[in-house]
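Undergrad: sequence plus the predicted model coming up.
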Amino acid sequence: ETGVTQTPRHLVMGMTNKKSLKCEQHLGHNAMYWYKQSAKKPLELMFVYSLEERVENNSVPSRFSPECPNSSHLFLHLHTLQPEDSALYLCASSQERTDWNTIYFGEGSWLTVV
Amino acid sequence: AQKVTQAQTEISVVEKEDVTLDCVYETRDTTYYLFWYKQPPSGELVFLIRRNSFDEQNEISGRYSWNFQKSTSSFNFTITASQVVDSAVYFCALILGSSNTGKLIFGQGTTLQVKP
């Protein structure tokens, strides 16, 4: 059983919809991440939060809006997405954002934009 | 610029064969960390190993072994006596020691298919 859980596992949304992806970590970690995995492209870091403060925004379009209400939860709010945003979105956490010994990933949320 | 290259897009082997997955990295930093992750069809990235740039000792864990060679900037992964359950996508990744964000730089991944 993974210490990082993501919901929903699968999401289909229209381009005018607003939806959210949720990530929860049960590991007591202080840093959380969103990565995007598109077909035929390497995994890309989107956002990094450390102690609920955003420390990295990797040139992500504003139609993706992260939220970290506490160190255990991370959301990715989605609105007016494009079909090319269809991808696997992976959440990860680590003890600290500089502790690379403990980076754990969730199972991901498969997003399809139609 | 930092980069990780996994030149093998797909590998297919028959069960019990040995298989090596290649990983070549580029960085000018002297301190860095290298990782291997396994991604089964479910999507989760499963951590396999982490290596820092100052430790060139090879490592063995059961049927898995890793060969880190700084001279060739390679961090290859070998599965001995492969099994069908080893079928997955395998990613090699790099973090710079100077990073303060935990940003993993991933290779494109190698899809391994192990046939019975």
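TA: Great, that's in hand. Computed from a predicted model, the values in this text were never measured in an experiment. Numbering: from 1, shown residues only, chains lettered A, B, ... in the order given.

Undergrad: C-alpha only now, for contacts and for neighbours.
TA: Noted.

Undergrad: need the contact list for the residue of chain A found nearest chain B.
TA: Distance from chain B to each residue of chain A (CA to the nearest CA) is smallest for A:Glu107, at 3.6 Å. Contacts for A:Glu107 (CA atoms under 8 Å, 6 or more residues apart in numbering or on different chains) come out as A:2, A:4-6, A:9, A:90-91, B:42-45.

Undergrad: pLDDT score for A:Ser65?
TA: At A:Ser65, the pLDDT value in this model is 94.

Undergrad: quick one on the thing from earlier: any chance of the contacts of A:Glu107 in JSON lines, with pLDDT too?
TA: Below are these laid out as JSON lines (pLDDT from 0 to 100):
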{"residue": "A:Thr2", "pLDDT": "67"}
{"residue": "A:Val4", "pLDDT": "94"}
{"residue": "A:Thr5", "pLDDT": "95"}
{"residue": "A:Gln6", "pLDDT": "96"}
{"residue": "A:Arg9", "pLDDT": "95"}
{"residue": "A:Leu90", "pLDDT": "95"}
{"residue": "A:Cys91", "pLDDT": "96"}
{"residue": "B:Ser42", "pLDDT": "85"}
{"residue": "B:Gly43", "pLDDT": "86"}
{"residue": "B:Glu44", "pLDDT": "88"}
{"residue": "B:Leu45", "pLDDT": "91"}
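
Undergrad: neighbour-wise, which of the residues you listed leads?
TA: In terms of neighbour count, A:Cys91 stands highest of these at 33 neighbours, by other CA atoms under 10 Å in any protein chain shown.

Undergrad: what's the closest of the contacts of A:Glu107 to A:Trp34?
TA: Using CA to CA, A:Cys91 is the member of those that lies nearest A:Trp34, at 4.7 Å.

Undergrad: in which helix or strand would I find the closest one?
TA: Here A:Cys91, judged by DSSP states H and E, is contained in strand A:87-94.

Undergrad: list the neighbouring strands of that strand plus their orientation.
TA: strand A:31-37 (antiparallel), strand A:104-105 (antiparallel), strand A:109-113 (antiparallel) (DSSP bridges).

Undergrad: dump these to CSV, plus mean pLDDT.
TA: As requested, the strands paired with strand A:87-94 are exported to CSV (pLDDT from 0 to 100):
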stretch, mean pLDDT
strand A:31-37, 94
strand A:104-105, 91
strand A:109-113, 95
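
Undergrad: tally of neighbours for B:Asp55?
TA: For B:Asp55, using other CA under 10 Å, the count is 11.
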